[in-house]
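Undergrad: next comes the sequence, and after it the predicted model I'd like to discuss.
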Amino acid sequence: MSYSDAHLKEILRRTKVVACVGVSMNPVRPSYYVARYLSLKGFTVIGVNPGHAGKTLFGQEIRASLSDIPTDAKVDMVDIFRRSDAVPPIVDEALTALPRLKTIWMQIGVEHAEATAKAEAAGLTVIQNRCPKIEYQRLFGELRMGGFNTGVISSKL
């Protein structure tokens, strides 16, 4: 799986609303800080986690499932923070419940060839084994090649 920088940048530019499947309320969990980062960058992030349904995270109500997100939320991207074997039913539900959906994004370590083929056959863009936070930072000038923030770094006391 190789994705051009232009392709990833175009996805991130066109995306406004992200449903984050498997989001955690625990600030040390990757799903929390990725969702937080995206919300700070202006994305509307709707958390999806049955264990936290009804709670509020980053100004949005967490939903138990993708089907519980109102269609007027206009979700553009589903970001999956679940094991690879959990991907097929998530993709199936996304295809049914989210009429404006454009992208399925699977986090680092998450891949599923059959679910990808199904989503692509339905006209969606699929990204596997990548993190939108990392890609956003890399593509929009917030990270240098070494992974450091582009702010001034000094060892002076």
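TA: Received, thanks. It should be emphasised that the depicted structure is a prediction, and the values quoted were computed from it without experimental measurement.

Undergrad: switch to C-alpha atoms for all contacts and neighbour counts from now on
TA: OK.

Undergrad: and the residue nearest to residue 115 when sequence neighbours are not counted, what element?
TA: Nearest in space to residue 115, with sequence neighbours left out and distances taken as CA to CA, 6 or more residues apart in numbering, is residue 88 at 5.1 Å. For residue 88, the element it lies in under DSSP states H and E is helix 87-97.

Undergrad: buried set for stretch 52-62?
TA: Residues 52, 57-58, 61-62 are the ones in stretch 52-62 that count as buried (16 or more other CA atoms under 10 Å).

Undergrad: again, but for stretch 28-36
TA: Along stretch 28-36, the positions that meet the burial threshold by neighbour count (16+ other CA under 10 Å) are 31-36.

Undergrad: quick revisit: would you confirm that the residue nearest to residue 115 contacts residue 111?
TA: No. Applying CA atoms under 8 Å, one finds residue 88 not in contact with residue 111, separated by 10.3 Å.

Undergrad: more neighbours, those two?
TA: When neighbours are counted by other CA atoms under 10 Å, residue 111 comes out ahead of the other of residue 88 and residue 111, with 21 against 17.

Undergrad: let's verify that one: helix, strand, or coil?
TA: When the structure is reduced to helix, strand and coil (DSSP: H, G, I helix; E, B strand; the rest coil), residue 111 reads as coil.

Undergrad: what's it in contact with, if anything?
TA: Contact analysis of residue 111 by CA atoms under 8 Å, 6 or more residues apart in numbering lists 84, 87, 128-129.

Undergrad: so which of these comes closest to residue 71?
TA: Sorting these by how near they are to residue 71, with CA to CA, puts residue 87 at the top with 21.2 Å.
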